[in-house]
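Here is the input, now give the coordinates:
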Amino acid sequence: MPPRTKRGAAAEDSAPVSTIEPESDPAKELLWARPGFLVRRLHQIHVAMFFEECKSPNITPVQYAILTVLSVLPGLDQTSLGQEVGLDRTTTADVVRRLEERGLLERRDNPADRRTRHVYLTKEGRSVVTALRADMARAQERMLAPLKPAQREVFMDLLATLVEANNQYSRTVLRSM
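As a prediction, the model looks like this:
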């Protein structure tokens with residue numbers, strides 16, 4: 001049903017101002033009551049903002065997360081790297097391979113254990129992390145902009161609480177903080 005409004009100039013002059021009743025949207029009401037739906041939608045929005053802000057090097061948020069982790073924890077093996085970012089072994093290996101092909105990181109065999117490979121940023125990889133840092137910060141800022149500073153802190157604390165409390169249900173368990 002469309003919103004109700006007054007009709008005609010005569011009604012406008014003589015009748016009290018009517019209120020506009022919002023349309024009922026039962027699908028929206030059901031979906032917006034589901035935290036999973038809202039989290040997924042917020043993730044879609046974040047990815048769009050990431051790509052708007054981080055235009056130049058054609059890096060995805062997952063790739064940037066891997067590069068970021070390696071910038072502070074160089075030499076992780078691929079399994080540990082996946083645990084830091086929350087990716088399974090197959091996905092981690094695929095993303096690492098693609099970043100290696102682009103010259104942003106390199107894998108080195110572990111002489112103590114031939115089954116594992118350690119991952120390091122290349123000079124170009126470090127440059128990408130540095131170049132995108134401000135762009136990523138802008139994307140994060142844009143996403144949180146509707147919230148007041150105190151609300152941002154509460155929001156981030158609540159997100160961390162939910163992730164930590166439900167971590168074991170993911171296909172890939174994040175390393176505990």
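
how about the strands in this structure?
76-77, 105-110, 113-121 (DSSP state E).

Need the single longest helix in this structure, by residues.
Looking across the chain with DSSP state H, the single longest helix is helix 123-144.

what does that one rub up against?
Outside helix 123-144, the residues within contact range by CB atoms under 8 Å, 6 or more residues apart in numbering are 42, 45-46, 49-50, 52-57, 59, 64, 67-68, 70-71, 99, 103-105, 121, 152, 155. Placement of C-beta: from N, CA and C, glycine included.

Please list only the buried members of those.
46, 49-50, 53-54, 57, 59, 64, 67-68, 70, 99, 104-105, 121, 152 (16 or more other CB atoms under 10 Å).

Now the two most distant members of those.
Maximum pairwise distance among the buried ones among the contacts of helix 123-144 (CB to CB): 31.9 Å, between Leu105 and Arg152.

List the single closest residue to Glu84 in space, sequence neighbours excluded.
Distances taken as CB to CB, 6 or more residues apart in numbering place Val69 nearest to Glu84, at 4.7 Å, with adjacent residues excluded.

The one you found reaches Gly86, doesn't it?
No - Val69 is not in contact with Gly86 according to CB atoms under 8 Å; the separation is 10.6 Å.

In this protein, mark out all the helices, start to finish.
For the chain, applying DSSP H gives helices covering 9-14, 26-31, 35-53, 61-72, 78-85, 89-101, 123-144, 149-166.

Nearest to Asn110, out of those?
helix 78-85 (10.3 Å).

Now do that closest one, average pLDDT.
Average pLDDT, helix 78-85: 92.

ok, now stretch 52-62?
pLDDT averaged over stretch 52-62 gives 87.

Count the neighbours of Glu84 for me.
Neighbourhood size, Glu84 [other CB atoms under 10 Å]: 19.

now do Ala145
By the measure other CB under 10 Å, the count of residues near Ala145 is 8.

Give me the pLDDT for it.
For Ala145, the predicted pLDDT is 97.

Can you tell me how far it is from Val39?
As judged by CB to CB, to the nearest Å, Ala145 and Val39 stand 18 Å apart.

Having no further points to raise, I will conclude here.
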